[in-house]
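Asker: This is a predicted model, with the sequence first.
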Amino acid sequence: MRFVILFGPQAVGKMTIGQQLAARTGMKLFHNHMSIELVTALFEYASPSGQRLIELIRREVFEEASRSENGLSGLIFTYVWAFDLPSEREYIEGISCLFRERGAEICWVELEADVEERRRRNTTENRLLHKPSKRNIEWSDNELVESHQKYRLNSLPGEITEPYYMRLNTTQIEPDEAAAQIIAHFKMDK
């Protein structure tokens, strides 16, 4: 089993590349908005209830997916990682450890793209189809820009020492090409 974490700033292509990767490998995609959209239909995202439920849903999915008897060949998870916050690294390492302890190969894939390209992608049809909370374009664009200014959403050179790690700039490549590069790098096949 593989556990692939696609991480990077908003609208860098995590979900779309994850969709391509899932289609080509047979792994399942659990993009971060699957839990967010479910919970925010009922509770505010930033509320204690909203945050607790999002974390609970993700943890239960990770627990179940990491068990060998579930028949999954792998799970792809997407995440916006604020490198300035130590709790974010603890979260990623914690979920990686859960899968690693159960025999999974862990693959960390960091995506980056320039902010103007990300702002363009923020309004794409696929993104808005799967992420209803992003359909308020003005709010979503402001949130993308503000988080870009407030947090460091990509790692520094040498900061990540995970043995199965790659960094990919997606500014000028299509999602299918990005998925092909990830598959080649980690020697994944169906």
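Answerer: Cool, the structure landed.

Asker: wait, F77 sits on K28?
Answerer: No - using Cβ atoms under 8 Å, F77 is not in contact with K28; the gap is 9.7 Å. Any C-beta I mention is one placed from the backbone N, CA and C, and that applies to glycine too.

Asker: out of these two, which sits in the more crowded spot?
Answerer: Neighbours per residue (other Cβ atoms under 10 Å) separate F77 from K28, with F77 holding more: 25 against 16.

Asker: where are the low-confidence patches of the chain?
Answerer: Scanning the chain for pLDDT under 70 picks out the ranges 190.

Asker: let's go with 80 and repeat that
Answerer: Residue ranges of the chain with pLDDT under 80: 68-71, 127-129, 132-133, 189-190.

Asker: Show the contacting residues for the residue nearest the centre of the chain.
Answerer: Centroid-nearest residue in the chain, with Cα atoms, centre = their mean: T78, separated by 1.2 Å. Contacts for T78 (Cβ atoms under 8 Å, 6 or more residues apart in numbering) come out as 5-7, 14-15, 18, 29-32.

Asker: which helix is the longest one in this structure?
Answerer: Ranked by number of residues, the top helix in the chain under DSSP state H is helix 48-66.

Asker: Can I get that helix in CSV? Just the C-alpha atoms.
Answerer: Presented in CSV, the C-alpha positions along helix 48-66 are these (Å, rounded to 0.1, in the frame of the first residue of the first chain):
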residue,chain,number,x,y,z
PRO,A,48,-14.5,24.5,17.2
SER,A,49,-17.2,22.2,16.1
GLY,A,50,-16.2,22.5,12.4
GLN,A,51,-12.5,21.9,13.1
ARG,A,52,-13.2,19.0,15.4
LEU,A,53,-15.5,17.2,12.9
ILE,A,54,-13.1,17.8,10.0
GLU,A,55,-10.3,16.3,12.0
LEU,A,56,-12.5,13.4,13.2
ILE,A,57,-13.6,12.5,9.7
ARG,A,58,-10.0,12.6,8.4
ARG,A,59,-8.7,10.5,11.2
GLU,A,60,-11.3,7.9,10.8
VAL,A,61,-10.7,7.7,7.0
PHE,A,62,-6.9,7.4,7.7
GLU,A,63,-7.5,4.7,10.3
GLU,A,64,-9.6,2.6,8.0
ALA,A,65,-7.6,3.2,4.9
SER,A,66,-4.3,2.2,6.6
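
Asker: strand partners of the helix or strand just after that helix, parallel vs antiparallel please.
Answerer: As assigned by DSSP states H and E, the chain's next helix or strand after helix 48-66 is strand 74-79. Partner strands for strand 74-79, per DSSP bridges, with pairing direction: strand 2-7 (parallel), strand 28-30 (parallel).

Asker: Distance from the next helix or strand after the longest one to the middle of the chain?
Answerer: Elements were assigned by DSSP H and E; along the chain past strand 2-7, the next helix or strand is helix 14-25. For helix 14-25, the gap between its own C-alpha mean and the chain's C-alpha mean amounts to 11 Å (Cα atoms, centre = their mean, to the nearest Å).
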